[in-house]
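# Pasting the sequence and the predicted model now:
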Amino acid sequence: PDFRITTASCRDDHTRWSHTEVREDYRVVLVRRGRFRRQVAGAPAEVDPTTAYLGVPGEEERFAHPAAGGDECTSISLTPTLWRAVAGEDARPARQSVYVDARLDLAHRRVLASAHTGDVDHAVTEELLGLLFATVGQAVDGAVPTGVRPGRDEGPLVAAARQAITEAHPASEGLLPLAELLGVSPYRLSRAFTRELGVS
């Protein structure tokens with residue numbers, strides 16, 4: 001319920017700008033193939049496999065597809081709650097585009113691969129959090145994973161999470177509700193398991 005991942009495909013060539021669109025979600029869009037142009041607040045940006053973009057509710061955006069052959073993207077829509085967990089309270093991107101380096105490209109591929117497992121509540125969510133922090137960290141000034149400090153003793157947090165899982169607490173059915181139950185960011189909970197137990 002906190003996110004939706006879809007594939008967006010455009011097969012037509014639209015060399016001129018589209019009509020203005022206004023979305024009401026937070027989103028991260030990564031290009032798998034092709035390229036297009038996106039305009040927000042009068043500023044155009046080229047979007048291709050080396051450049052992703054972040055969108056926020058209420059933005060007026062237009063698109064143009066000057067290249068033949070169309071494009072294919074991964075579009076990730078987030079609830080305001082998940083956006084705040086990743087970016088912080090009232091955070092807005094300082095820039096609309098982010099560079100897709102090797103680390104972010106790998107995170108994108110891992111999200112797509114994890115989607116084939118069918119484990120949306122744990123595997124997909126964990127991979128998605130890594131992708132979101134890599135993306136949002138580039139675009140939102142000061143965005144850092146909440147409560148993650150090197151050398152921190154995560155033993156009590158992992159023990160509390162394991163107890164909730166063992167007792168089949170309803171929140172233990174997914175990474176995001178379990179983190180909310182324990183009062184920590186989902187990123188911190190995910191990384192705590194890896195640091196303390198060596199597994200996700």
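Okay, I see it.
# quick one, phi psi at the spatially most central residue of the chain?
Nearest to the mean C-alpha position of the chain, counting by C-alpha atoms, centre = their mean, stands residue 132 at 3.2 Å. In terms of degrees, to the nearest 10, the main-chain angles of residue 132 are phi -60, psi -40.
# how near is it to residue 53?
Counting by C-beta to C-beta, to the nearest Å, the gap from residue 132 to residue 53 is 14 Å. No exception for glycine: its C-beta is placed from N, CA and C like everyone else's.
# between the two, what contacts are shared?
residue 28 (C-beta atoms under 8 Å, 6 or more residues apart in numbering).
# Just give me the neighbour total for the closest residue to residue 115 other than its chain neighbours.
Of all residues not flanking residue 115 in the chain, residue 124 sits nearest, at 5.6 Å (C-beta to C-beta, 6 or more residues apart in numbering). Neighbour count for residue 124, taken as other C-beta atoms under 10 Å: 22.
# who touches residue 124 in this structure?
By C-beta under 8 Å, 6+ apart, the contact set of residue 124 is 5, 111, 114, 115, 117.
# okay but the third one is in contact with residue 122, surely?
Looking back up the chat, that one is residue 114. No. In this structure residue 114 lies outside contact range of residue 122 using C-beta atoms under 8 Å: 9.2 Å.
# so residue 20 touches residue 58, yeah?
No. Applying C-beta under 8 Å as the test, residue 20 and residue 58 come out as separate, 11.9 Å apart.
# Those two - which one has more neighbours?
Ranked by neighbour count (other C-beta under 10 Å), residue 20 and residue 58 place residue 20 first, with 11 against 8.
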